[in-house]
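Undergrad: Predicted structure and sequence below. I'll ask about it afterward.
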Amino acid sequence: MLRVCIDDSGTGRGPHQPWFILGGYLARARNWKGFADDWQGVLRGPPGLAYIKAQEAYHGSGQFELLKWPERDARMAECKAFIEKHVIKRVSFSLRYADYDAILNLSSSAMKTKVHEDFRNPYTFSLAAIVAQTIGDRVLKRQPHEKIEFIFDCGFEDRERLEEGYAKLMQIFAQNLPKRICDLIGVELIFRPAREFLPLQAADLGAWGIRRFRNNKAIPDWLPRLEDRENIDIEYTRKDLRDVFLNALKALLQ
């Protein structure tokens, strides 16, 4: 059993949040269990931490408010080492909101209405890209026998839109992919509380790091880079989004 643990990074949009980001890590269920045992040791300290979030670690706020910088760096270096030890690779999806809005603002017509409905939920095609490339990666490596589950924090702000996007995605897959491939994909998204399901705390680091990278900001030394892995880092440009839009429109015309 493979599990992709994913988080988003940042909330809303605006001058300081130009990117839509999903990010996290892929690992086998047994490796996530070993990871959780190691991560729990980091949380115990001393001093003990209730959870670990990259933003708080970077700014020395929240759980890290009372830690001196050397203590913070040492604690986060342990987190980095355990992520690198247990995960197979990083998984992420990025797009600029400006590109997304530009495609949404394409002149509409009665024929385009249904396409626009699907496009108003970015989770439909962001999840499509992540799931398709994750499954495709396993097939290309001739390892298509392991089922894959996708896990998010139960406090996910856009949980309803996320679930709607995934349901739509599964309908599309059922209509277009062989059953043996569809059977590898979890029927529903799984939601867990990040304070209890510790792999989601690793996903927070992964998503936060992708946002730093996309915004051309410095990456802390304690953030995993996984440069020795074949990571699945997807970026949709305006051209990519336009192609998806036009292909969906062509499908309606057939």
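TA: Received it, and whenever you're ready, just let me know what you need. Numbering: from 1, shown residues only.
Undergrad: in the stretch 1-150 of the chain, which ranges drop under the pLDDT threshold?
TA: For the stretch 1-150 of the chain, residues meeting the criterion pLDDT under 70 lie at 10-15, 106-119, 139-144.
Undergrad: how about a cut-off of 50?
TA: Using pLDDT under 50 as the threshold, the predicted model of the stretch 1-150 of the chain has low-confidence ranges 107, 110-111.
Undergrad: burial of the closest residue to L22 other than its chain neighbours, as a residue count?
TA: Closest residue to L22 apart from its sequence neighbours, by CB to CB, 6 or more residues apart in numbering: F93 at 4.6 Å. The way it works is simple: take the backbone N, C-alpha and C, and place the C-beta from them, glycine included. Using other CB atoms under 10 Å as the criterion, F93 is surrounded by 26 other residues.
Undergrad: Now do the same for F93: helix, strand or coil?
TA: strand (DSSP: H, G, I helix; E, B strand; the rest coil).
Undergrad: Kindly state the beta-bridge partners for it.
TA: Beta-bridge partners recorded for F93 (DSSP bridges): L22, I234.
Undergrad: Numbering from 46 from now on, please.
TA: Okay, using 46 as the starting number, the last item reads as F138.
Undergrad: Make sure it is actually in contact with G69.
TA: No - using CB atoms under 8 Å, F138 is not in contact with G69; the gap is 10.0 Å.
Undergrad: residues contacting R204?
TA: 197, 236 (CB atoms under 8 Å, 6 or more residues apart in numbering).
Undergrad: quick one, phi/psi of it?
TA: Recorded main-chain torsions at R204 are phi -60, psi -40, according to degrees, to the nearest 10.
Undergrad: Could you check how far it is from D53?
TA: Counting by CB to CB, to the nearest Å, the gap from R204 to D53 is 11 Å.
Undergrad: How about R274?
TA: Relative to D53, and taking CB to CB, R274 is found at 22 Å.
Undergrad: Name the residue in those two with the higher neighbour count.
TA: D53 (24 against 15).
Undergrad: and the gap between the more buried one and G90?
TA: Using CB to CB, one gets 28 Å for the distance from D53 to G90.
Undergrad: those strands in the protein, which residues are they?
TA: For the chain, the strands identified by DSSP state E occupy 47-53, 64-73, 134-141, 193-198, 235-237, 277-281, in order along the chain.
Undergrad: Hey, what's the angle from the third one to strand 277-281? Just curious.
TA: Angular relation of strand 134-141 and strand 277-281 on a 0 to 180 degree scale: 10 degrees, by axes from the mean of the first three to the mean of the last three CA atoms, to 10 degrees.
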